[in-house]
Each structure stands twice: as structure tokens, then as C-alpha cells.
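**Student:** got a predicted structure plus its sequence, pasted below:
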Amino acid sequence: MTTCMPPPSLVNGSLSTDAAGRHAPRSQRILLAIEGTSPGHAFLTQLMQRDWPGDAEVRLITVLSPIEANALAGPSQLILGELMNVQRTEARRQLEEAAERLKGAAPQLSTSLIVRTGDPAEVILDEARRYGADQIIVGSKRRARMLRWWGDSTAAQVSSHAACPVEIVSQ
């Protein structure tokens, strides 16, 4: 279920300014936040069925939770470092697989990948600003109505603070 529709500008293109201050069309930039979703998940399948704009650039992002290492010392820190590397490698592999599936359905898409660590909502909003995203698409797990009403989800936080349209897709 989609909670909001992409704005018409997503299909029609947007304008950027060149060095001389002239407006020139540029590709649509879409930030696709994938939170712990395997590439075969229904969320990605929904996105593959879309009619994507021909000039779209899609940046796939996943955010890893930080692991506190304050109480660890010596060999424990080394083990934690290895675990973090394994987690980052697996997250990157999943994003690569998701990007391949998207490009298989829409070969015209330009994709890039990013794995970051931190609070998911903060990181997604920060990356949207850095990337100059025209739209953010984020998955939302089905939750009880009361939890959604309180807005504790990453999707709710992103949609209430983003500087661009946010589309929330049920996972």
C-alpha cells in the first residue's frame, strides 16, 4: 500500500542550475531506503513493477545500527570490529542484489549504493540532503494503529522532517 503518490515533477523532471546560473534539466534523484529487507522481499517486488522515469537516478541506502564498544577491551574489540565488517559486507551485498533486480526491471535506471551507520531516520534525512533527493521512498513494516499514530517508526520520522516528498510503501 502506498501512502502518498509521487509528485508530478517526478515524472516531468526537475531543474538544476549550472555554473552560469541557467536552469537545465537534470535527472530525478530518488533515495530508496531499504531497511533490513532481503532483495527478494515484497517491498522490492512492488518497486520493480513501477513505471520509472527514464532519467531517474536511484540511490539505495541501508542504515546499520551502531554497536556500542565502550565496555569492551582487547580481543573483544577486535571481534566486534570483525562483526561490524561482516555486517557491512552483507548489507552491501543485499543492496547490490536489490540494485540488480531494479535494473533488471528498469534498465534505464542509474543506481548507486550507500551503507551508513547511525540512527536510521537521521541518516536517511542527512543522505537525502547530501544527495539532493527529489523524493525519498521508504518501506514501513505493518504495525498496530496505535504505534503508527504515535509516529515512532523510521518512515514516520522521515516523512515528518524531509525537505522533499516521501513515499511510504508497506512491506
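**Tutor:** Noted; the coordinates are in hand. Keep in mind that what you see is a predicted model, and the values were worked out from it rather than measured.
**Student:** from here on, just use CA atoms for contacts and neighbour counts.
**Tutor:** Fine.
**Student:** can you report how many residues lie near A128?
**Tutor:** Counted by other CA atoms under 10 Å, the residues lying close to A128 total 25.
**Student:** give me the contacts around the host helix or strand of A121.
**Tutor:** Counting by DSSP states H and E, the element that carries A121 is helix 120-131. With contact meaning CA atoms under 8 Å, 6 or more residues apart in numbering, helix 120-131 is reached by 29, 31, 33, 61, 63-65, 116-117, 136, 154-155, 157-158, 161-163.
**Student:** buried ones in that helix?
**Tutor:** 120-121, 123-125, 127-128 (16 or more other CA atoms under 10 Å).
**Student:** for stretch 42-54, same thing?
**Tutor:** So stretch 42-54, judged by 16+ other CA under 10 Å, has buried residues 43-45, 47-48, 52-53.
**Student:** in strands, which of the residues you listed fall?
**Tutor:** Counting by DSSP state E, none of the members of these fall within strands.
**Student:** can you lay out the residues you listed as CSV showing pLDDT and distance to L109?
**Tutor:** Compiled in CSV, those are given as follows (pLDDT from 0 to 100; distance: CA to CA, whole Å):
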residue, pLDDT, distance to L109
F43, 78, 18
L44, 81, 15
T45, 83, 16
L47, 86, 12
M48, 85, 11
W52, 83, 8
P53, 80, 8
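**Student:** of these, closest to T89?
**Tutor:** Comparing those against T89 with CA to CA places L44 closest, at 19.9 Å.
**Student:** ok, for that closest one, nearest residue in space, not its chain neighbours?
**Tutor:** A98 (7.3 Å; CA to CA, 6 or more residues apart in numbering).
**Student:** thanks again, I'm all set now.
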